[in-house]
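Asker: Whatever this is, show me its structure:
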Amino acid sequence: TSRASSATYVDSAGLVKTNPYNRVKYSEDFTNRNQITGWSWTNFTITPDAAVAPDGTQTADLVVRNTVTTTDGLASHVGWGSTDTIYNASVYAKANGLSHISLIRYVGNTNCQGVSFNLINGTIHDSQNATGTIEDVGDGWYRCSIVNDTNTAANHYFLQPHDGGTPNHNYRFRVSMAGNNSDGVYIWGAQLTRDVSSTLYEYVKTTGTGSGGPRYSHDPETLTPTGLYLEPAATNLITHSNTTDNKFPVGGSYSTSSETAPDGSTTALTFTEDTSNGQHRYYEAVNTPPAGTYTFSIFVKAANRDHVYLRFDYSGQFKGLTFDLTQEIQEEQNLPVDFLSASITKYPNGWYKLSATRTTNGATLYAALEVRTGESGVGQNFIGNGLPAFHQWGSQVELGSYPTSYIYTSGSTVTRAADVYTSTAN
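Answerer: Purely as a prediction, here's the structure:
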């Protein structure tokens, strides 16, 4: 399968994980090409499939330095994009005469973002304007990665195998050296991801174009494998899915949660109700989407309240559904008018994914969570207790009749591209 974006899935531990979009066009084929279509090498020779790669296949390439003394002994690949954002570049490398490799994001002659890695002892050798990690993956192989420290526009991704000389911080973070036509480095599995975080994702193979990889998901409650995950395209219309931006509390306040989020991070939020007599909720708006069928989904974990009202309405309708997080049920016997379905799905560590689907008329949609006491005869207005009511993570509103996999947003809507399945069977 392939996909023109990142996408999430549930791993074997029940955590929501991201399968990334790898912007490198040829992740295992380092044959000399134009830098726009692949890897462009200067002062190196390449022997394809010269060694066993970290995945056990005979697909690692050997790159060997010639005898020209220069800083221009490297490979370049266009793919960073000029956007001022965070990127993570990585490659698997193994010493074969040459002992180091540098990963470099070209910004300018004196302010490049790069890290030099020692492939003998598995350490960071030098760095400039970037943070590096190096992971021992066995048999002399290391996964080396860099994240830019500053969100400066750039477009080129450089690999420079070298002999351990000091990179010149005043000239493109490059090492000047001459090779001997025999010493080199084995390389495999190059990846470049663009994200709002510095996460080093699982490796995704590419063979001529950037792509997201196949997703093999699991039931979040039983952890049973559910097979290959194939979904149509979808857009999360909530512009800040995991932050307090554009979320408006009423009768309470938000704070960073002490609870681990469904993806294993610390990005969950906690809603604390105040002691006023009234409603205790938050809401966020999706401005005038076209009329149609929409689904609101969100991950919720009980704190001092185990009942929440998932409100999904427009034009002051105040319609929604009550969920009991202890009994793991949706309480209403009948769905409100215009509501088509609702669901509650259990995730590890006390989290639940709640959803409601309804038809709309094109007016502004409001997605909200309201605190409920669970007491008979007590509705949306009551005297709050001043305590944390619930934790939440991953709000999503999308066009469609069911909730799809979570789409992370941070400042704008984000579209997950459709999964494309290609069979090799005759």
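
Asker: The residue of the chain most remote from its centre: what secondary structure?
Answerer: Distance from the C-alpha centroid of the chain, by CA atoms, centre = their mean, peaks at residue 377 (43.3 Å). For residue 377, the secondary-structure state derived from DSSP: H, G, I helix; E, B strand; the rest coil is coil.

Asker: Now it: phi and psi?
Answerer: When quoted as degrees, to the nearest 10, the phi and psi of residue 377 stand at phi 80, psi 0.

Asker: how close does it sit to residue 405?
Answerer: For residue 377, the distance to residue 405 (CB to CB, to the nearest Å) stands at 39 Å. The C-beta positions use only the backbone N, C-alpha and C, and glycine is treated the same way.

Asker: Equivalent analysis for residue 36, please.
Answerer: Per CB to CB, residue 36 is found 32 Å from residue 405.

Asker: which of the two has more neighbours?
Answerer: residue 405 (19 against 11; other CB atoms under 10 Å).

Asker: quick one: contacts for the more buried one?
Answerer: In this structure, residue 405 makes contact with 7, 8, 9, 215, 217, 229, 231, 416, judged by CB atoms under 8 Å, 6 or more residues apart in numbering.

Asker: Next, it: secondary structure please.
Answerer: Following three-state DSSP, the label given to residue 405 is coil.

Asker: Could you do residue 349 as well?
Answerer: Here residue 349 is helix, with the state taken from three-state DSSP.

Asker: Quick one: neighbours of it, just the number.
Answerer: Counted with other CB under 10 Å, the neighbours of residue 349 add up to 12.

Asker: Flag the shaky bits of the protein, pLDDT-wise.
Answerer: By pLDDT under 70, the low-scoring segments of the chain are 79-85, 153, 195-197, 423-426.

Asker: now do the same end-to-end measure for stretch 161-179.
Answerer: End-to-end distance for stretch 161-179, by CA to CA, to the nearest Å: 10 Å.

Asker: Now do the contacts for residue 364.
Answerer: 285, 286, 287, 288, 314, 315.

Asker: How about the last one, nearest residue that isn't a chain neighbour?
Answerer: The spatially closest residue to residue 315, leaving aside those adjacent along the chain, is residue 363, at 4.9 Å (CB to CB, 6 or more residues apart in numbering).

Asker: can you give me the helices for the stretch 251-400 of the chain?
Answerer: Using DSSP state H, counting those that start in this stretch, no helices are assigned anywhere in the stretch 251-400 of the chain.

Asker: picking that back up, look up phi and psi at the residue nearest to residue 315.
Answerer: Backbone torsions for residue 363, taken as degrees, to the nearest 10, come to phi -80, psi 170.

Asker: again, but for residue 260
Answerer: According to degrees, to the nearest 10, residue 260 has phi -70, psi 130.

Asker: any idea how far residue 14 is from it?
Answerer: Per CB to CB, residue 260 is found 12 Å from residue 14.

Asker: same thing with residue 335?
Answerer: Residue 335 is 28 Å from residue 14, by CB to CB.

Asker: pretty sure residue 356 is touching residue 293, no?
Answerer: No - Residue 356 lies out of contact with residue 293 (CB atoms under 8 Å); the separation is 11.4 Å.

Asker: one step back: who has more neighbours, residue 335 and residue 14?
Answerer: Ranked by neighbour count (other CB under 10 Å), residue 335 and residue 14 place residue 14 first, with 19 against 16.

Asker: and the most centrally placed residue in the chain, what are its bridge partners?
Answerer: By CA atoms, centre = their mean, the chain has its centre lying nearest to residue 18, at 4.6 Å. Applying DSSP bridges to residue 18 gives these bridge partners: residue 8.

Asker: what's it in contact with, if anything?
Answerer: Contacts for residue 18 were tallied using CB under 8 Å, 6+ apart; they are 6, 7, 8, 199, 201, 263, 408.

Asker: Max pairwise distance over the residues you listed: which two?
Answerer: The most widely separated members of the contacts of residue 18, counting by CB to CB, are 7 and 199 (14.1 Å).

Asker: and the gap between residue 121 and residue 136?
Answerer: Separation of residue 121 from residue 136 (CB to CB) stands at 10 Å.

Asker: Spatially nearest residue to residue 137 (excluding sequence neighbours)?
Answerer: Nearest residue to residue 137, sequence neighbours excluded (CB to CB, 6+ apart): residue 54, at 5.0 Å.

Asker: Neighbours of the one you found, how many?
Answerer: So residue 54, with other CB under 10 Å, has 19 neighbours.

Asker: Residue 284 now?
Answerer: Residues near residue 284, counting by other CB under 10 Å, number 22.

Asker: I'd guessed it sits against residue 247; true?
Answerer: Yes - between residue 284 and residue 247 there is a contact at 5.0 Å, judged by CB under 8 Å.

Asker: Mutual contacts of the two, please.
Answerer: Jointly contacting residue 284 and residue 247 under the rule CB under 8 Å, 6+ apart are 240, 395.

Asker: my read: residue 87 touches residue 103, true?
Answerer: No - at 10.7 Å, residue 87 does not count as touching residue 103 under the criterion of CB under 8 Å.

Asker: Mind jotting down where the strands sit in the stretch 151-300 of the chain?
Answerer: Per DSSP state E, counting those that start in this stretch, the stretch 151-300 of the chain carries strands over the ranges 156-162, 184-195, 211-212, 216-218, 225-228, 234-236, 248-250, 252-256, 269-273, 277-278, 281-286, 292-302.

Asker: I'd like to know which elements the fourth one is packed against.
Answerer: Spelled out, that is strand 216-218. Packed against strand 216-218 by the contact rule (3 or more CB pairs under 8 Å, 6 or more residues apart in numbering; DSSP states H and E) you find strand 7-10, strand 225-228.

Asker: in it, what counts as buried?
Answerer: Across strand 216-218, burial judged by 16 or more other CB atoms under 10 Å covers 217, 218.

Asker: in its sheet, what does that strand sit against?
Answerer: Applying DSSP bridges, strand 216-218 is found paired with strand 225-228 (antiparallel).
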